[in-house]
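In: no sequence on this one, just coordinates:
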């Protein structure tokens, strides 16, 4: 058990759960938040980047404050997306492993509401919800939060639009004596207004080490390409990181679908994630990604929240994000749990002027990296072509007679000779990088 968590006021039961999760050293936001939630009575606004352990910062003390003898809902936690809600729910269940009397429910949108209604008929102490689904349940009179002591707004800056529509009916159901804990990675004007409207005037503001923790371990790089080169440069990069997990962010659903198709053609283990997919498909793709069955996730910014996968080694911004906040959320998917990671942005020349602006606003430094040269890209394309052939399943509709005719053409060749001839044929058909009269660089062995 960790004496460091003990000093923050975490009791032995939850220290044991943290030990099971191999969490022994509290992060900055946990050090600053846990004692305040346990002992203070004021509302809290906490500013901390993604990947800093915010769920444990509010989850551990809230669970410790639950009175299991009281059968009503005591804490309401709101999250911007079902993916993040499910992640928070899973973390809370892990934290409460040695406190089986604590009942936690996930009531997020995108899944059937009837099982959630049935769950709420039993004793429930903590609910993790998306705002829209919680309002639905309130309107159906299927949930009672009138005695809740705590309201948590997690990733509030990502929830601004939803909260504008749904927070009033939620707050109306809550007692005025509740404590509100607001966690956010950025502090736009809309969040400041929300603090004024919904939190107590003597709210406590705290901030994790925003200059270091939020970007710690992330190598921010960019590469400048011509539009026609963009896909080839990406494929070369992905080939160089084969065996690692990463996320590629696109601005639009159409771009995600197009890129996912190209990666599938080139036999990369990838999955697409965007808002037009059904919840069942999104859950399946996320499950495959978490379990390592899919190496690459291609996503819109829907997925920049709620993905807490430790082994994401890189993030690619296939399109530069539209806001500084989105860059923070995207890049924060890597370098989690103390690991290092890469955030690579693929730019076109006209976008290059945006880099100094991002650096100044976010307090980070981008490093320019050279794009792969023509010979390296040609080599990568040839290797991807070979991989496609290797993974192609034999055709069952070709007759044995026709197969024998083809075998007759090649039967004098050794395996090595056949490979050389097939490769030469591929290069004759695809190599357009150098003029025909020049001798291109030999592809490396």
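Out: Nice, I can see it. All of these numbers come straight from a predicted model, not from anything done at the bench.
In: could you give the number of residues near the nearest residue to residue 299 once chain neighbours are set aside?
Out: Leaving out its chain neighbours, the residue that sits closest to residue 299 by C-beta to C-beta, 6 or more residues apart in numbering is residue 273, at 4.2 Å. The C-beta positions use only the backbone N, C-alpha and C, and glycine is treated the same way. Residues near residue 273, counting by other C-beta atoms under 10 Å, number 22.
In: would you mind measuring from residue 273 to residue 300?
Out: 7 Å (C-beta to C-beta, to the nearest Å).
In: flag every buried residue along the helix or strand containing residue 259.
Out: Assigned by DSSP states H and E, residue 259 belongs to helix 253-265. Across helix 253-265, burial judged by 16 or more other C-beta atoms under 10 Å covers 253, 255-257, 259-260, 263.
In: ditto for stretch 193-204
Out: 194-195, 198-199, 203-204.
In: mind checking which of those residues land in helices?
Out: Among these, the members found in helices (DSSP state H) are 194-195, 198.
In: pretty sure residue 111 sits against residue 136.
Out: No. Between residue 111 and residue 136 there is no contact under C-beta atoms under 8 Å: 12.0 Å.
In: pick out whichever of these two has more residues nearby.
Out: A count of neighbours by other C-beta under 10 Å puts residue 136 above the other of residue 111 and residue 136, at 19 against 16.
In: check for me that that one belongs to a helix.
Out: Yes. With DSSP: H, G, I helix; E, B strand; the rest coil as the criterion, residue 136 is assigned to a helix.
In: nearest residue to it other than its sequence neighbours?
Out: residue 113 is the one closest to residue 136 (C-beta to C-beta, 6+ apart), at 6.6 Å.
In: ok, the one you found touching residue 137?
Out: Yes. Using C-beta under 8 Å, residue 113 makes contact with residue 137 at a distance of 7.3 Å.
In: so which of the two has more stuff around it?
Out: Legend: neighbour count by other C-beta under 10 Å for residue 113 and residue 137, higher for residue 137 (20 against 14).
In: correct me if wrong: the more buried one contacts residue 144.
Out: No. In this structure, residue 137 is not within contact of residue 144 by C-beta under 8 Å, at 9.7 Å.
In: rewinding a little: how far is the helix holding residue 259 from where the chain is centred?
Out: Chain-centre distance of helix 253-265: 18 Å, with C-alpha atoms, centre = their mean, to the nearest Å.
In: same for the helix or strand following it, what does it pack against?
Out: Sequence-wise, the next helix or strand downstream of helix 253-265 (DSSP H and E) is strand 270-273. Applying 3 or more C-beta pairs under 8 Å, 6 or more residues apart in numbering; DSSP states H and E, we find strand 270-273 packed against helix 253-265, helix 279-291, strand 296-299.
In: and strand 270-273, average pLDDT?
Out: With pLDDT averaged residue by residue, strand 270-273 scores 92.
In: over to stretch 361-381?
Out: Per-residue scores along stretch 361-381 average to 82.
In: how about it: buried residues?
Out: Using 16+ other C-beta under 10 Å as the test for burial, stretch 361-381 gives 362, 364, 366, 371-372, 374, 376-381.
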